[in-house]
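A.B. asks: Need coordinates for the following:
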Amino acid sequence: MTPTQLFFREPDAVLGLINSRSDTRGRLRRGVLCLLPACVIVFAGFQRRWMSDDGHIYVRTVRQILAGNGPVFNAGERAEASTGTLWQWLLVLAGLPGIDIARAAMYGGLLLTAAGFAFASLGAMRLYADKAVLPLGCLVLLALPPVWDFATSGLETGLATCWIAGAWLLLVTRPESLSTCVVLGLGPLVRPDLALVSAVFLVAQWLLAQPSRRATFGGLGAALALPAAYEIFRIGYYGQLMPLPGVTKEASQSLWGRGFGYLADFTEPYLLWVPALFLLAALLPTAATRRDAASLVPALAPIVAGLLCWVYVIKVGGDFMHGRMFLPGLLLMVLPVFLVPVTRAWTIAVAGVGIWAVACASLLRIPYEGHIGPDGVADERGVYVRQNAAPHPLHHGFANYPSYLAYERLVRDADHAETPTLLLAKTAVTANSPGVTGVWSTLGFSGTVVPLDGAALDPIGLAYPLAAHSERLDARVGHDKRLPDAWIFADRGRGPLPAGLDPAGVAAARRALDCGALAELRAATRGPMTPGRFLRNAAGVWERTSFRFPNDPVRAERQLCGGR
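C.D. replies: Below you'll find the model as predicted:
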């Protein structure tokens with residue numbers, strides 16, 4: 001179109017063309033802003049890419065599945081070591097073409113984190129009806145080192161970020177869709193504690209869609225179908241109500257004091273109260289003016305879900321990885337303000353949070369960077385960078401730790417021997433099962449060096465049902481179970497006792513293993529999987545999941561075997 005043609009057009013047509021071009025430029029700017037947080041987290045996460053030891057726990061289970069041994073950590077013992085069910089099976093799909101599973105876990109987590117940030121941006125833009133927006137809540141996340149660290153790590157955190165943001169986007173844009181019900185219901189499969197988010201989001205969806213009674217039951221059925229089907233499989237196959245780490249870490253108990261300490265460990269170093277004050281100062285007056293459910297419910301639902309997630313984390317005593325368990329809740333609470341419309345109040349909030357974000361990203365750090373803190377909480381990435389002497393540890397070699405290298409050599413030598421071998425720390429004895437059985441607390445590393453036809457046992461109990469069902473000790477969070485060697489030798493060893501083991505304790509442990517609930521636990525996890533075994537596992541799942549036995553073998557024998 002020439003300038004002359006444009007000049008002689010009707011005024012309305014000219015105005016429409018100008019508005020159309022303005023709308024196109026506006027959509028382009030909004031699209032760039034939508035992708036910008038995702039690009040920033042890709043850059044930050046890539047700079048701090050790494051693989052955690054717990055990520056390697058997933059890797060061994062995936063290798064067992066691909067080898068045809070089923071979803072187990074050790075062949076011959078049904079233990080669900082993977083907390084994130086959906087993440088485990090996504091890694092199986094990634095491993096089918098022969099891709100290195102650890103590498104797929106590291107970079108797959110980064111891509112899913114970026115997708116989550118893009119979904120969050122798009123959801124915020126749609127919540128504010130595609131108005132001009134500024135970054136706000138995303139600045140809080142992008143400024144925090146734990147967010148950079150757990151953008152990779154090989155854990156399910158990236159998937160959780162993607163699912164939370166994607167589910168919220170569907171809640172904002174398609175609350176009436178049956179497919180939205182299916183996605184909202186996936187929380188327990190992403191991570192068991194995210195069932196709280198599923199519940200809140202499903203209630204919010206019902207409030208928005210106002211479906212009929214028939215449609216309500218249909219949507220609920222669609223939401224629960226996959227989690228319920230997998231739970232039936234879990235209770236029959238593994239004989240537990242939850243993944244084994246949930247049993248080990250006593251996910252149903254309350255440790256409020258320890259949990260508040262974990263909260264302080266996350267919030268105080270980064271002065272998180274500063275952005276919180278700016279957000280509240282701008283959010284409360286804005287929320288007070290909203291009266292329509294279409295905007296109020298999607299804004300309140302993630303905040304409620306995030307607060308519940310934080311309360312649950314505090315209740316169970318937190319975690320041993322700095323900040324990790326608070327990240328999903330923090331994402332939820334900033335979703336409604338991930339991007340905000342351009343108003344005076346929001347612009348002031350953006351300026352204040354922006355200044356804090358620059359200071360946080362460049363200056364604020366935890367005092368125990370690269371180490372385990374005085375309360376047992378670790379800068380997990382920093383620890384593995386130091387222990388492996390590598391800026392981006394992927395396949396851990398623990399170059400700075402001779403004890404790990406010695407254990408690896410012992411496993412390698414035992415694997416070449418003809419006699420089945422049990423490695424209790426640095427002591428090699430005869431095992432009662434084929435191959436090599438290694439006992440090491442760093443389970444991901446042990447699972448990497450122990451062959452798939454052997455057994456990698458951890459006295460903490462993340463993948464060892466016997467240790468998981470022992471009594472809790474007063475120890476570091478996430479590591480507060482420690483099965484004594486007497487139990488492990490009684491369960492897995494034979495022949496002469498290694499030095500340092502009490503013969504009476506080993507004898508008592510062997511008798512206890514054949515009594516009552518302990519004998520039933522071993523049958524449930526090691527007996528041949530038949531339809532009858534599946535039904536017996538399901539029938540006794542509640543008692544089995546809640547069963548605990550004393551660490552002292554003599555006391556356990558007296559309790560389980562009675563007068564025998």
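A.B. asks: so residue 553 touches residue 508, yeah?
C.D. replies: Yes: contact criterion Cβ atoms under 8 Å: residue 553 and residue 508 qualify, at 4.0 Å. Bear in mind the C-beta positions are built from the backbone N, C-alpha and C, glycine included.
A.B. asks: Would you map the helices across the stretch 101-250 of the chain?
C.D. replies: 101-127, 137-142, 145-149, 157-173, 178-184, 187-190, 195-209, 213-237, 244-248 (DSSP state H, counting those that start in this stretch).
A.B. asks: Using CSV, please lay out these together with mean neighbour count and mean pLDDT.
C.D. replies: Shown next, in CSV, are the helices of the stretch 101-250 of the chain (neighbours: other Cβ atoms under 10 Å; pLDDT from 0 to 100):
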stretch, mean neighbour count, mean pLDDT
helix 101-127, 23, 96
helix 137-142, 25, 97
helix 145-149, 23, 98
helix 157-173, 25, 97
helix 178-184, 20, 97
helix 187-190, 26, 98
helix 195-209, 21, 97
helix 213-237, 16, 97
helix 244-248, 24, 94
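A.B. asks: quick one: residue 399 from residue 544, how far?
C.D. replies: 41 Å (Cβ to Cβ, to the nearest Å).
A.B. asks: So which of these two has more stuff around it?
C.D. replies: Each of residue 399 and residue 544 has its neighbours counted (other Cβ atoms under 10 Å); residue 544 has more, 22 against 13.
A.B. asks: Quickly find the element holding the more buried one.
C.D. replies: helix 541-546 (DSSP states H and E).
A.B. asks: before we move on, the earlier item: could you point out which of the helices of the stretch 101-250 of the chain sits nearest residue 405?
C.D. replies: helix 101-127 (19.2 Å; Cβ to Cβ).
A.B. asks: could you check the angle helix 157-173 makes with that closest one?
C.D. replies: 20 degrees (axes from the mean of the first three to the mean of the last three Cα atoms, to 10 degrees).
A.B. asks: before we move on, the earlier item: okay if I get the helices of the stretch 101-250 of the chain as CSV plus distance to residue 355?
C.D. replies: Shown next, in CSV, are these (distance: least, Cβ to Cβ, whole Å):
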stretch, distance to residue 355
helix 101-127, 21
helix 137-142, 10
helix 145-149, 18
helix 157-173, 25
helix 178-184, 36
helix 187-190, 34
helix 195-209, 31
helix 213-237, 42
helix 244-248, 40
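A.B. asks: out of the ones you listed, nearest to residue 269?
C.D. replies: Here helix 145-149 is closest among these (Cβ to Cβ), at 9.2 Å.
A.B. asks: Need phi/psi at residue 395.
C.D. replies: Phi and psi for residue 395, reported as degrees, to the nearest 10, are phi -100, psi 110.
A.B. asks: Quick one: residues contacting the residue nearest to it when sequence neighbours are not counted.
C.D. replies: Computed as Cβ to Cβ, 6 or more residues apart in numbering, the closest residue to residue 395 that is not its neighbour in sequence is residue 102, at 6.1 Å. Contacts for residue 102 (Cβ atoms under 8 Å, 6 or more residues apart in numbering) come out as 51, 55, 56, 59, 154, 394, 395.
A.B. asks: Please tell me how far residue 102 sits from residue 56.
C.D. replies: Counting by Cβ to Cβ, the gap from residue 102 to residue 56 is 7 Å.
A.B. asks: How about the contacts made by the residue nearest to the spatial centre of the chain?
C.D. replies: Ranked by distance to the mean C-alpha position of the chain (Cα atoms, centre = their mean), the top residue is residue 156 at 4.3 Å. Residues near residue 156 by Cβ under 8 Å, 6+ apart: 83, 84, 86, 87, 190, 191.
A.B. asks: Could you pull out the buried residues of the helix or strand containing the third one?
C.D. replies: Right, the one you point to is residue 86. In the assignment (DSSP H and E), residue 86 maps to helix 85-95. Buried residues in helix 85-95, counted by 16 or more other Cβ atoms under 10 Å: 85, 86, 87, 88, 89, 90, 91, 92, 94, 95.
A.B. asks: Need those residues in TSV (columns: distance to residue 211).
C.D. replies: TSV is the format used below for the buried residues of helix 85-95 (distance: Cβ to Cβ, whole Å):
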residue	distance to residue 211
85	28
86	26
87	31
88	33
89	30
90	31
91	36
92	35
94	37
95	40
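A.B. asks: nearest to residue 270, of the residues you listed?
C.D. replies: residue 87 (26.9 Å).
A.B. asks: List the contacts of the closest one.
C.D. replies: 58, 155, 156, 159, 190.
A.B. asks: Send over the helix or strand containing residue 383 as PDB, restricted to the C-alpha atoms.
C.D. replies: If you go by DSSP H and E, residue 383 is part of helix 380-388. Output in PDB follows, covering the C-alpha atoms of helix 380-388 (Å, rounded to 0.1, in the frame of the first residue of the first chain):
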ATOM      1  CA  GLU A 380      23.800 -30.000  47.700                       C
ATOM      2  CA  ARG A 381      25.200 -28.800  44.400                       C
ATOM      3  CA  GLY A 382      28.200 -27.200  46.100                       C
ATOM      4  CA  VAL A 383      28.900 -30.300  48.000                       C
ATOM      5  CA  TYR A 384      29.000 -32.500  44.900                       C
ATOM      6  CA  VAL A 385      31.000 -30.000  42.900                       C
ATOM      7  CA  ARG A 386      33.600 -30.000  45.700                       C
ATOM      8  CA  GLN A 387      33.600 -33.800  46.200                       C
ATOM      9  CA  ASN A 388      33.900 -34.600  42.500                       C
END
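A.B. asks: what does it contact?
C.D. replies: 48, 50-53, 149, 153, 320-322, 324, 369-372, 391-393, 396-401.
A.B. asks: And it, what's buried?
C.D. replies: Counting neighbours by 16+ other Cβ under 10 Å, helix 380-388 gives 380, 381, 382, 383, 384, 385, 386, 387, 388 as buried.
A.B. asks: roughly how far apart are the third one and residue 52?
C.D. replies: Pointing back at residue 382 there. 12 Å.
A.B. asks: Of the contacts of residue 156, which is the nearest to residue 44?
C.D. replies: Looking across the contacts of residue 156 and measuring by Cβ to Cβ, the closest to residue 44 is residue 87, at 21.3 Å.
A.B. asks: ok so, going back, just the buried ones from the contacts of residue 102, in PyMOL syntax?
C.D. replies: To isolate the buried members of those in PyMOL, using 16+ other Cβ under 10 Å:
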select buried, resi 51+55+56+59+154+394
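A.B. asks: Among the contacts of residue 102, which ones are in helices?
C.D. replies: Those of these mapping onto helices are 55, 56, 59, per DSSP state H.
A.B. asks: got those residues as a markdown table, with pLDDT and distance to residue 128 columns?
C.D. replies: What follows is those, written out as a markdown table (pLDDT from 0 to 100; distance: Cβ to Cβ, whole Å):
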| residue | pLDDT | distance to residue 128 |
| --- | --- | --- |
| 55 | 97 | 37 |
| 56 | 97 | 42 |
| 59 | 98 | 41 |
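A.B. asks: Now render those residues as JSON lines, adding distance to residue 252.
C.D. replies: Output for the ones in helices among the contacts of residue 102, formatted as JSON lines (distance: Cβ to Cβ, whole Å):
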{"residue": "55", "distance to residue 252": "25"}
{"residue": "56", "distance to residue 252": "27"}
{"residue": "59", "distance to residue 252": "28"}
